[in-house]
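[1] Please work out how this folds:
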Amino acid sequence: MPEWLSVVPPLLAIAVAVWKREVVVALCSGILLSEWLMVCRGLLDADTSVWQWLISPGSALVQSLERAVAVFEGGNTRVLLFCLLVGALIELMRVSGGVQAFVAGLSRRGLGKTPRQAGLLTMMVGILVWMETSMSCLAAGLVGMPLFDRFNLSRERLAFILDSTCAPISVIILFNGWGGYVLGLISEESYGIEAPVNVLIGSIGFNFYTLLILLFVGFTAVTGRTFGPLRRIEANMAPPELDAKNPAVALAGDDVVAGKTRYMVLPLAIMVVLMIVFLVQTGSGSRAVLWSVSLALIVTLIVLVRERVFSYSRALELSYQGMGKLLPLVLLMLLAFTIGKSCRELGTGIFVAGWIGSTLPAFAIAPLLFLAGGLMSFTTGTSWGTFAILIPVGMPLAAAFGLPHSLLLAAILGGGVFGDHCSPISDTTLVASLAAGCDLLDHVRTQLPYAMVAGGTALALYTVAGFILG
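    Residues are numbered from 1 along each chain as shown. Below is the predicted model:
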């Protein structure tokens, strides 16, 4: 079976998502096609009957279900549980009036009083909560959403700020799960790298894409200027119906009680502090976020019940409601994990990595690794899987061509984030659209021009760096 067929399932998923605007259908289509291709590959390698070919679609369906079950290994399961528990925690913070009181407090202190401050404050929260991408997106979205609603700024702009701050900052401030994961990948003895930590730190300055996209976010927040589909969406937005003098009114609702700021600040503080502690202890980002959000939820429930904000049964009811609101996200993430796992089994990443050959000129290695990383991340929806496949390709190439290991590592890391920003099947894209409360495909469509401009510029810079350092 031709190896190029391995890229067809993710491309089909992306095409269906764009065409039908049904992400669940798109992901299921890609998974089924990937599994069917693997069934066909097995039939071609064996002496099979016509009957086996006729039932091959049914076999693909069964394999798809088993592939989804296989997703529930440690790391993925912890991420899915984290999303459910975060839903419960967000609902408790909202209905208790904690978020409303926090936004009102910002207004009294002179913060969040202009559209510029709203954008910059959201960006700063995303930077400060740099330990884990999903946590960073959700915390920044929780702060930014009511402020953006107050000034009639689009949720698509909020999703762009979240997505283009939280994932890039995790690759630049590497004292987190990302850094530990990448450090483990480049510490392989066969690469002959004497100081992997220095290589990792040195990659920050060469990570052109993440630095450029962060500059785009800062420019958008400071100037308020947008372009492409995002500009058209904001130009056609209806005038705000909210009272501009009351920044907390966006959070008001029939079920929201008059609460205190600590009902939001305390859970967030517990999550951030404990996540750092658990990250240092375990070195696992998925463990750190699950354990920290679990303890934050327990403390929040105790505080709210003890202070008689809610009865125990009402607090549990709200927790279940919050989990229910995030079930669509959990389903999408499950399917995204499944198609990524299926495509890796099919060989999609290996085929794309094979494009990088040892006969290439030295100056072309870094830009092509960046392109390969972007394509792999775009088609599989995972930057971490991209790192795992391309780092074993890039590190030996650095030694063979006399290129800095940090340059090629940065090209791979930046390419993975670039592909994530362009892909509708990426888990970080899903979380950012959820945290901003906007449609997933609208977020991808409005972020794409920014990502493409930053990606094209980064590609040119990697080519120049290859000429200079090669």
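[2] nearest spatial neighbour of F310, skipping sequence neighbours?
    L304 (5.2 Å; CB to CB, 6 or more residues apart in numbering). To be clear about C-beta, it is placed using only N, CA and C from the backbone, and glycine gets the same treatment.
[3] List the contacts of that neighbour.
    Going by CB atoms under 8 Å, 6 or more residues apart in numbering, L304 touches 92, 96, 263, 310, 315.
[4] Just the ones in helices from the residues you listed, please.
    Counting by DSSP state H, the part of the contacts of L304 found in helices is 92, 263, 315.
[5] With neighbour count added, can I get these in JSON lines?
    As requested, these are exported to JSON lines (neighbours: other CB atoms under 10 Å):
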{"residue": "L92", "neighbour count": "26"}
{"residue": "Y263", "neighbour count": "25"}
{"residue": "A315", "neighbour count": "22"}
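[6] circling back to that earlier point, per-residue confidence at the residue nearest to F310?
    Predicted confidence (pLDDT) for L304: 91.
[7] Checking it next. Helix, strand or coil?
    Secondary structure, DSSP: H, G, I helix; E, B strand; the rest coil: L304 is helix.
[8] now the one 4 residues further on
    With three-state DSSP as the basis, the three-state label of R308 is coil.
[9] if I look at it, how far off is F148?
    According to CB to CB, to the nearest Å, R308 and F148 sit 33 Å apart.
[10] These two: which has the busier surroundings?
    When R308 and F148 are compared for neighbours, F148 comes out ahead with 25 against 7, by other CB atoms under 10 Å.
[11] Could you find the closest non-adjacent residue to that one?
    Here the residue nearest F148, using CB to CB, 6+ apart, is L158, at 4.8 Å.
[12] could you redo the ones in helices among the contacts of L304 as JSON lines and give each row distance to S383 and pLDDT?
    JSON lines is the format used below for the ones in helices among the contacts of L304 (distance: CB to CB, whole Å; pLDDT from 0 to 100):
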{"residue": "L92", "distance to S383": "31", "pLDDT": "87"}
{"residue": "Y263", "distance to S383": "34", "pLDDT": "85"}
{"residue": "A315", "distance to S383": "37", "pLDDT": "90"}
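[13] Summarise which helices and strands the helix or strand hosting L369 is packed against.
    If you go by DSSP states H and E, L369 is part of helix 362-380. Contact analysis of helix 362-380 by 3 or more CB pairs under 8 Å, 6 or more residues apart in numbering; DSSP states H and E lists helix 8-20, helix 312-346, helix 348-353, helix 383-401, helix 405-422, helix 440-469 as its packing neighbours.
[14] tilt between that helix and helix 312-346?
    130 degrees (axes from the mean of the first three to the mean of the last three CA atoms, to 10 degrees).
[15] What residues sit buried inside helix 362-380?
    Neighbour counts over helix 362-380 (16 or more other CB atoms under 10 Å) mark 362-380 as buried.
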